[in-house]
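# Build me a model:
(4 chains, ligands or ions: 4)
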Amino acid sequence: MSGSHADVSKHVRAYVAVFIALAIGTIVTVAAAQVHIPHPMNYVVAMLIALFKASLVAAIFMHLKWERAANIWILLALCAVFFAALMLLPSLTTFDLPKQAQRIGAWG
Amino acid sequence: MSTQTLPYTVHPHPVTGIYSGKFGTWLFLASEVMLFGALFSSYVLLRVGAPEAPSPLHWPSHEETHLSWRIGGFNTLVLIVSSVTMVMAWASLKMGDFSKGRRYLWLTFLLALTFIVVKLSLEYVPKLRGGYVPAKSTFFSLYYTLTGLHGLHVIGGMVVIGYFLGPGAALWKRDPEYYTNRIECTGLYWHFVDLVWIFLFPVLYLM
Amino acid sequence: MSSHDHHTQGHGSGAHHELSFWRHYVFSTDHKVIGVQYGITALCFLFLGFCLMMMMRWQLAYPGQPMPVIGKFFGEAAMPGGIMLPEFYNSLGAMHGTIMVFLGVVPLLVGAFGNYVMPLQIGAPDMAFPKLNMASYWVFAVGGIVMLVSFFVPGGAANSGWTSYAPLSVIATMGQTLWLIGMVFLITSSLLGSVNFIVTIIQLRAKGLSMFRLPFFVWAQLVTAFLLLLAFPPLEAAGVMQLMDRVAGTSFFMPEGLVVSGVPSTVAGGGSPLLWQHLFWFLAHPEVYVLILPALGIVAEIIANNTRKPLWGYRPMVYSAIFLGFMSFIVWAHHMFMTGMGPTISTFFATTTMIISIPSVIILTALVISLYRASIRFTVPMLFALAFLPMFAIGGLTGLPLGLPASDIPLHDTYYVIGHFHYVVAPGTIFGIFAGIYYWYPKVTGRKMNDVLGKIHFWLSFVFINMVFGPMFVQGLAGVSRRLYSQVGYAHGEAVQSWTITSSWGAWLLGLAQIFFIVNFFMSMRAGKKVSDNPWEATTLEWAAPSPPPHGNFTTPPVVYRPPYEYSVPGLAKDYFPQHAAAEA
Amino acid sequence: MRLWQRRAAVLLAAAAGGVLFARPLLGAEAAAPTTPGVKIDGAYADWRNLWLPPDISQHGHNIDGLIYFLHGFMGVLFVGWGVFFVYCLFRFRQRAGQRADYNLVKAKPSKYAEIAVAIIEAVLLLGFSVPIWASVKNDLPTEAQNPLRVRVLAEQFAWNFHYPGKDGKFGRTAPQFVNTASNPVGLDRSDANAKDDIVSGEMHLPVDRPVICDISSKDVIHSFAVPVLRVKQDAIPGMRIPVWFQATKTGSYEIACAQLCGNNHYSMRAVMVVEPKDRFDHWLEEKSKPPEEFEEE
Ligand code: HEA
Ligand code: HEA
Ligand code: CUA
Ligand SMILES: [Cu+2]
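Ligands and ions are numbered 1, 2, ... in the order given. Presented below is the predicted three-dimensional model:
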């Protein structure tokens, strides 16, 4: 991590800026939800805003912007890949079932 | 004090560029990502598998859940502010100002407390009284599990921060840099808890 | 979280504190003491898992006949008149799997060998977070106790298989709740441990010890730690969800329209039983590589040492291990082909499964070629390490028909699967563990285990373990389902029942063979031959420390000059050239 | 090793091997009887038969072929590596005055072998497994092929087979109608389509006609396994999954449950009778006679 006092005080300004951005992001999220975007798209919009906010937190508050340790980046890349697999594959498996099997249930 | 302590507890490793505690914290956070990842994955799978509206099992619309975005939004802001105070605590310590750092830590602690109190008194208790129990529907199962686990993380964070405000503070006198590092690690964790909430809020309160 | 600890005492030979008995042996933060704690605890659990299984083998061989001698100790709830009840059989099966995997093998390979040997091999004074290390052990111990207690609650221990498939597990007796709680502890312990391992390996290597000078065992531990770190949390989440289903009446894994024992269920429904399977196998497939990688690491160490020759293909082996670890996260649904999976996704998972077999082939090939132009010493650890190779090959090769969805149809959930994975975990991993125990025993105790007893132990184990698991392939091909309390109710089961009996006798004889090990293990602590610090004339760093190593491990911090396996270097008088030796002594 | 130790080891190994082959002596006499009165056909493996049971399905030979080929391939790999392995053990054991060779061999053949393994696996997967799986999963028989549809509903611990009857239509079913004894599949008797439906605990099938089974479960996960048909499909509550096959040989066969489903998992067995068309029709006729047994209690 950056060492000197001057560096850190420069950070402080960034923190305040990020705080404002996050607050605005929260308002935008709520506002977007009020305009009733049709079903799958509303998730996309909300997730994009959340992703943006999360990146700010990770980059500034968690100092990733200033982080030069390769370990952390490798770790995060690995994590991202497995996270994606965990998000996608189970649901895809459900969709890949033969038509007749999708959510018909035992009865009917 | 012993003569030979473990290397890199305080100072960064010359090659990797980080001290061990921070590396360990990041690893821990990676596993936390997978933990919440599994829950989000469950959310996705159950959500896309839910039948359409007339079925009693359909996914409740945001009105049907009776979750107030005002309370959720308020708590979101609380957590965001607490993230700022947390990082300010670290920055103050880094600049050598212990009492300012301490004040920010206290603020963080109180904000966390606010979050929990709001969560319990304005959400959990009325909801549970009103019959919106976990068993009511898949949505509420997920709601309570996700927010419950998140809440436990907040409480965990409070315990750690409390420790560094109380008995842990003695370390500042012995080794300020070490103390500051530990606050940095606590901060990393704390921001992660905030980050999870940033996703939870729209998914649970607004969709 | 702030898991790091400022370790202020107990390190370095310079400062000697008088530690109380409790701090020294029970709540110790010394990685060696913790390693031994893990080792002893896990061996006991391994023994317990083995005993459970020997009881099951009686019921399988002689279904419905009262068990001699032991039968009458178990009471009416489990074995009325000495005859095992199906629910007790199912508990034994589920707990055998759970105990063997989570309380026996993983704690031994990672907790014991990893903890004891890895810091020594990288020349570190201790683990990076000693207190965290102690915490992992105690969290593990709590998990183990919870699992043990579950045998005594009404309804007995968990009886839905080690896989705990919902909805069966959700409607199961109370033991399942304890199983879930126990698992949460065990997973947490593994997580804490893995953080510690990774940081230690990356940060605390001795001077000169670059990543590609690490012994293969350390690489195996590193990859394993990543598997633990990233694969275990989803099961923790799933465990919490199943607990909610059981305790709070939610329906994560419960679909609507259930009718249990003729009574329509009252749960809201809307859940998915397949969700549990996804989350479980997301953990459990990487888990099986957790079971094999450190064993491969041990075997590689011992082969290099006893062939007196550098390992052939060290780098490809390392790359293979990393690749294996990576791929193991995306093959999990090959356990779920029969859940009605469609062609696209099944092709994806079958392809990744075929791909993941290639690095195993590479590692095995490298180990076999390492024997070429060697000078093989048939020591006891080497015997086990050598036997590991063809045994793992049988287990691994029989994984291939399971990995192709089409050929998995007749084989899935039959004894063929049981045969497949026992060949990799029992004559594979367990042999790796035995090899490791015989090999590092002198480091821990300063004494060697008895050779003759060791050889008897080896030959008997080798023969009988094949007698146990070989017949399972025959049963499986004949179509006998696994987890059957008795197979003779089926005509096709009865036809191969004699093989079952063979297998059972194999298991009991295997049990008798372990007496040679247990006697040897305890006897050698006092009566074993005293040996030097480096009795196997090995090159890696753990042998540079005194036996047993003191607090802080090394009298002076070692410096590393060369790759790990410099044996038979031309022009040197001795046939080994230790990593830390500046020049030949 | 000293000589006596080596001898002792060999003797022990021989003794153990003897035990292995004297296995029938260890008491292989038949235990509990199978379902009384039903003789199970198909020359199942007796203990000398080490391979898959006979195959009476139309698609089974593809699967069997794949398994045969795979085991041949595995055998070649195992023997190939094994011979080299054993050779090394003898040839390169430690001898006085001899040292290991520090230099590593340049082993091209191993690389070729690894590539060959990869290629053969790819061929097996893409050339055989994938097409078989696709046909088993997707190529359900069309109406023109006149398949028989059977609804298979598993429960702890029995199989229920629900036939649509003459009208070819399944009656409505729902959980609230379930009565374990009289209405195991939860038929709604008021539904017109349900009038002629047949429910049986024994599966009857016509030979040489495609069959589609819709597999589901009332309670926990079971698995519909018919070894002689090379058919296996998990029965998952909340899902209804089709499998299809065509039996080519008449006789009585066994249906097993392959997934742990509770205490009596081991006894969740049903009989499948494959019979000529006229016999099958006769059975349907008999079964659809006035249903006293169906009256609500
Ligand atoms: C240590 C544990 C371990 C290991 C290493 C493996 C390795 C492999 N496993 Fe296994 N597996 C399990 C443990 C393991 N497995 C368990 C516990 C289960 C059951 C769980 C349950 O249901 O309860 C299981 C189940 C299982 C299934 C599900 C079966 C089913 O339920 O239907 C499948 C399917 O694909 C599979 C495939 C594979 C494959 C392709 C490999 C490959 O990685 C293997 C690669 C290895 C090789 C290909 C060998 C190479 C050999 C040579 C080159 C010859 C050398 C010769 C000499 C030295 C003589 N395994
Ligand atoms: C690491 C995992 C592991 C290991 C090592 C073993 C080892 C053995 N297992 Fe097990 N087994 C499983 C994991 C394992 N198993 C799993 C996951 C299942 C599935 C469960 C389920 O269906 O849900 C299973 C199921 C299973 C079944 C099928 C049950 C059924 O389907 O109904 C059988 C049947 O014979 C069996 C037998 C054996 C035998 C004979 C051994 C032998 O090889 C045991 C050999 C053991 C030793 C040789 C240990 C000796 C140790 C000592 C002597 C310690 C000494 C102590 C001190 C010095 C203090 N196992
Ligand atoms: Cu039904 Cu097993
Ligand atoms: Cu697997």
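
# so what's the closest residue to residue C:523 other than its chain neighbours up against?
Leaving aside its sequence neighbours, residue C:523 sits nearest to residue C:450 (Cβ to Cβ, 6 or more residues apart in numbering or on different chains; 7.0 Å). For every residue, glycine as well, the C-beta is placed using N, CA and C. Residues near residue C:450 by Cβ atoms under 8 Å, 6 or more residues apart in numbering or on different chains: C:520, C:523-524, C:528.

# which of those residues tops the neighbour count?
Among the contacts of residue C:450, the one with the most neighbours (other Cβ atoms under 10 Å in any protein chain shown) is residue C:520, at 24 neighbours.

# Surely that residue is in a strand?
No. According to DSSP: H, G, I helix; E, B strand; the rest coil, residue C:520 belongs to no strand; its state is helix.

# tell me the pLDDT at it?
pLDDT recorded at residue C:520 is 96.

# same deal with the one 4 residues further on?
In the predicted model, residue C:524 carries a pLDDT score of 94.

# now the residue in the stretch 201-350 of chain C that chain A sits nearest to, nearest residue through space, not along the chain?
Nearest residue of the stretch 201-350 of chain C to chain A: residue C:342, at 3.5 Å (Cβ to the nearest Cβ). Of all residues not flanking residue C:342 in the chain, residue A:96 sits nearest, at 3.5 Å (Cβ to Cβ, 6+ apart).

# ditto for residue C:188
Distance criterion Cβ to Cβ, 6+ apart; nearest residue to residue C:188, sequence neighbours excluded, is residue C:139 at 5.4 Å.

# you'd agree that neighbour is up against residue C:191?
No. Judged on Cβ atoms under 8 Å, residue C:139 makes no contact with residue C:191 at a distance of 9.3 Å.

# Among those two, which residue is more densely surrounded?
Higher neighbour count among residue C:139 and residue C:191: residue C:191, with 25 against 20, using other Cβ under 10 Å.

# got the contact list for the more buried one?
Contacts of residue C:191 (Cβ under 8 Å, 6+ apart): B:28, B:31, C:228-229, C:232-233, C:236.

# before we move on, what about residue B:206?
Contacts for residue B:206 (Cβ under 8 Å, 6+ apart) come out as A:29-30, A:32-33, A:46, B:62, B:69, B:72.

# any idea how far chain C is from the residue in the stretch 1-150 of chain D positioned nearest to chain B?
In the stretch 1-150 of chain D, the residue that lies nearest chain B is residue D:137 (19.7 Å; Cβ to the nearest Cβ). Separation of residue D:137 from chain C (Cβ to the nearest Cβ, to the nearest Å): 6 Å.

# from memory that residue sits against residue C:343, does it?
Yes. Checked against Cβ under 8 Å, the pair residue D:137 and residue C:343 is within contact range at 5.6 Å.

# Show me the subset of the contacts of residue C:450 that also lies near ligand 2.
Counting by Cβ under 6 Å from any ligand atom, nothing from the contacts of residue C:450 sits close to ligand 2.

# ok, these vs chain D, which is closest?
residue C:520 (14.6 Å).

# is chain D contacted by the helix or strand that residue A:86 is a member of?
Assigned by DSSP states H and E, residue A:86 belongs to helix A:70-95. No. Using Cβ under 8 Å from any Cβ of the partner chain, helix A:70-95 stays clear of chain D, coming no nearer than 9.5 Å.

# pLDDT averaged over that helix - what is it?
Mean pLDDT, computed over helix A:70-95, is 87.

# Could you list the buried residues of it?
A:71-72, A:75-76, A:78-79, A:82-83, A:85-87, A:89-94 (16 or more other Cβ atoms under 10 Å in any protein chain shown).

# who's in contact with residue C:219?
Residue C:219 makes contact with C:297, C:317-318, C:321-322, according to Cβ under 8 Å, 6+ apart.

# Of those residues, grab the buried ones for PyMOL.
For the buried members of the contacts of residue C:219, the matching PyMOL selection, counting by 16+ other Cβ under 10 Å, is:
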select buried, chain C and resi 297+317+318+321
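
# hmm, back to that, want to throw the contacts of residue C:191 into CSV with secondary structure?
As requested, these are exported to CSV (three-state DSSP):
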residue, secondary structure
B:28, helix
B:31, helix
C:228, helix
C:229, helix
C:232, helix
C:233, helix
C:236, helix
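
# could I get those residues as JSON lines with distance to residue C:512 and neighbour count?
Listed next are the contacts of residue C:191 as JSON lines, based on distance: Cβ to Cβ, whole Å; neighbours: other Cβ atoms under 10 Å in any protein chain shown:
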{"residue": "B:28", "distance to residue C:512": "45", "neighbour count": "22"}
{"residue": "B:31", "distance to residue C:512": "43", "neighbour count": "25"}
{"residue": "C:228", "distance to residue C:512": "35", "neighbour count": "27"}
{"residue": "C:229", "distance to residue C:512": "40", "neighbour count": "24"}
{"residue": "C:232", "distance to residue C:512": "36", "neighbour count": "26"}
{"residue": "C:233", "distance to residue C:512": "41", "neighbour count": "28"}
{"residue": "C:236", "distance to residue C:512": "39", "neighbour count": "23"}
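
# between those, which is nearest ligand 1?
Closest approach to ligand 1 among the contacts of residue C:191 (Cβ to the nearest ligand atom): residue C:228, at 14.4 Å.

# list the contacts for the closest one?
Residue C:228 neighbours (Cβ under 8 Å, 6+ apart): C:110, C:190-191, C:193-194, C:290.

# how many neighbours does the residue in chain A that ligand 3 sits nearest to have?
Nearest to ligand 3, among the residues of chain A, is residue A:106, at 14.4 Å (Cβ to the nearest ligand atom). Neighbours of residue A:106 under the rule other Cβ under 10 Å: 30.

# Does it belong to a helix, a strand or coil?
Assignment for residue A:106 (three-state DSSP): coil.

# before we move on, back to that, so the residue nearest to residue C:342 versus residue D:230, what's the distance?
According to Cβ to Cβ, to the nearest Å, residue A:96 and residue D:230 sit 22 Å apart.

# So these two - more neighbours on which side?
Neighbours around residue A:96 and residue D:230, counted as other Cβ under 10 Å, are more numerous at residue D:230. The numbers are 28 against 20.

# Report the secondary structure element holding residue B:53.
Counting by DSSP H and E, residue B:53 is found in no helix or strand.

# dump the residue contacts of residue B:164.
Residue B:164 touches B:105, B:179, B:182-183, B:186, C:2, counting by Cβ under 8 Å, 6+ apart.
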